[in-house]
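**Q** Here's my sequence, what's the structure:
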Amino acid sequence: LVNPIGGRRMSMEYYNNILLPMVEFTRINHKMYETNSSTFIEKFIENLNFDAETFTDFIVIGGDGVFGQLLNSVMAHPEREKFIKQAFGLIPGGSSNSL
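**A** Coordinates of the predicted model:
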């Protein structure tokens with residue numbers, strides 16, 4: 001999950017120059033989602049059809065606000081027990097990167 005307007009607006013650059021080369025080199029299958037509204041993550045999680053066979057981790061490129069939205073949305077999901085077994089990662093892309 002990439003928040004392109006958070007902080008110094010560097011998240012897409014971090015994705016393209018840091019995360020993407022790593023997942024391509026290691027041949028990790030992934031899908032990038034760019035947040036486009038303040039409710040994107042909530043709706044994304046709400047509508048996500050969880051499948052542990054094809055979906056394993058969350059990586060957020062953004063600030064603590066986006067990461068907090070992700071965690072809150074996961075905890076509000078009726079199948080949260082499945083979600084919380086997955087790994088959650090954060091590549092700091094916020095204003096002060098204090099998280």
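
**Q** hey, let's count contacts and neighbours off CA atoms from now on
**A** OK.

**Q** quick one, strands of the chain?
**A** Applying DSSP state E to the chain gives strands spanning 57-62, 87-92.

**Q** hey, which of those strands is tucked in deepest?
**A** Burial of the strands of the chain is given as mean neighbour count (mean count of other Cα atoms under 10 Å); strand 57-62 ranks first at a mean of 21.

**Q** and it with strand 87-92, angle?
**A** If you take axes from the mean of the first three to the mean of the last three Cα atoms, to 10 degrees, strand 57-62 sits at 20 degrees to strand 87-92.

**Q** counting contacts, what elements does strand 57-62 pack onto?
**A** Secondary-structure packing of strand 57-62 (3 or more Cα pairs under 8 Å, 6 or more residues apart in numbering; DSSP states H and E): helix 11-14, strand 87-92.

**Q** what lines up beside the last one in the sheet?
**A** Within its sheet, and counting by DSSP bridges, strand 87-92 is paired with strand 57-62 (parallel).

**Q** could you dump stretch 6-19 to PDB, C-alpha only?
**A** In PDB, the C-alpha atoms belonging to stretch 6-19 read as follows (Å, rounded to 0.1, in the frame of the first residue of the first chain):
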ATOM      1  CA  GLY A   6       1.900  11.600   2.500                       C
ATOM      2  CA  GLY A   7       4.900  13.400   4.100                       C
ATOM      3  CA  ARG A   8       7.400  14.600   1.600                       C
ATOM      4  CA  ARG A   9       5.600  12.900  -1.300                       C
ATOM      5  CA  MET A  10       8.400  10.400  -1.700                       C
ATOM      6  CA  SER A  11       6.500   7.200  -1.300                       C
ATOM      7  CA  MET A  12       6.200   6.300  -5.000                       C
ATOM      8  CA  GLU A  13      10.000   7.000  -5.400                       C
ATOM      9  CA  TYR A  14      10.700   4.700  -2.400                       C
ATOM     10  CA  TYR A  15       8.500   2.000  -4.000                       C
ATOM     11  CA  ASN A  16      10.100   2.300  -7.500                       C
ATOM     12  CA  ASN A  17      13.700   2.600  -6.300                       C
ATOM     13  CA  ILE A  18      13.700   0.500  -3.100                       C
ATOM     14  CA  LEU A  19      10.900  -2.000  -2.800                       C
END
